[in-house]
Structures are given as structure tokens and as C-alpha cells.
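# sequence unknown, structure follows:
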């Protein structure tokens, strides 16, 4: 477990630079989750560290495999200085603990909801999990372990989350793209869904 997390942190540092802050959160019955903050010009990037320590188990499996199975960490990028986005540390840790707490596999296209604003005044309480491989490359581990995927999180308003449930993740991403939505704006309004 410790070896995997050391490799994950090294990959994050290679891709994003040195973290300028970190916080740790532990929930009853779960492993410790850290959230690292990286500054990149006017962008602030938050990355979880700890979610990939154990593989995510298929909730339909009778037994969880301690070695095989998907592994991931979460990455959120927002424009700095526009909102109190550092308050996202606990909600991010909650999302990263979801596989341990709820026995779900977090994968691209999934919606995750914390039930409260991601930070004070945020119009978002949920996120869309995007495809890995862009900002931080997947981290290959020794066989038979699956690679660690660094999954970007795209904040969704309540209307966008409801629309996504009906039309799917790809349709929502196309709406964002067509309308030139700045998904890193921590104060953005819902995209036009008519």
C-alpha cells in the first residue's frame, strides 16, 4: 500500500510540480486520504492521495481482490482567487473514500455527489468523472496490479447533473464544448440545456 502511494505521489509531482499544501482526512473505517494542492499560474489543482492504495472492488463480487482491480486518484482544476476553493479538501476526500465506504467503482462517465456545495457559495455539489490520461498520465504498476488512473473531476450544477442522468455524460460534455463552457470557473452558471 505504502509503495503504491509513494509512486502515485511521485507521478503527481512529476506532472504538477511540488505541492504547496496538503491536508489529511480520515473517516471511520477507511484508510487515510490526503489532498494535495498544486499552483499552476492562475489555476489551482487539487489531487487526492490514498484512494489508489487498494483496488476498487466490483460491488457484485462476493470477495474483494486485494491486488487486482481498478485504482484511481481524483484531480480537480479550478481558477484561483475567485472563490474559497481550498474548502474543497474535505469534499474531495469524501469522494475519494466513496469506493471504500460505498463499495463502488469510480470510472469515467460517473457522477459523484457530496450533497453540499463543493466550497462556500459553489453552485456545484456534484462532479462528472472524466477520462484519465490527459493532465497526469496513468501510472503502470507491477503485474498483476491494474494501473492507477488520475481521473479529472468536472463540477456540475444541479441542473447539469439532472440533465446528465437523462441524456448521459457524453451529451453533457458536448453541450459544454459547443457553448465554450469554462469548466475551471468556480463561479460559472449552468450551461444552457434547452
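On my side now, so go ahead. Keep in mind that this is a model prediction, so the values were computed, not measured.

# CA atoms for contacts and neighbours, from now on please.
Fine.

# what segments of this structure are strands?
21-25, 33-40, 43-49, 71-79, 111-113, 124-129, 148-157 (DSSP state E).

# can you tell me which of these is nearest to residue 190?
strand 148-157 (5.8 Å; C-alpha to C-alpha).

# and that closest one, average pLDDT?
Mean pLDDT, strand 148-157: 97.

# and if you look at stretch 56-71?
Stretch 56-71 comes out at a mean pLDDT of 76.

# repeat that for stretch 83-90.
Mean predicted lDDT for stretch 83-90 stands at 93.

# so which bits of it are buried?
83, 85, 88-90 (16 or more other C-alpha atoms under 10 Å).

# turn the strands of the chain into a markdown table, including distance to residue 193.
Conversion of the strands of the chain to a markdown table gives the following (distance: least, C-alpha to C-alpha, whole Å):
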| stretch | distance to residue 193 |
| --- | --- |
| strand 21-25 | 36 |
| strand 33-40 | 31 |
| strand 43-49 | 27 |
| strand 71-79 | 22 |
| strand 111-113 | 18 |
| strand 124-129 | 16 |
| strand 148-157 | 11 |
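
# out of these, flag the one nearest residue 14.
strand 33-40 (11.6 Å).

# sort out which residues of the closest one are buried, please.
33-39.
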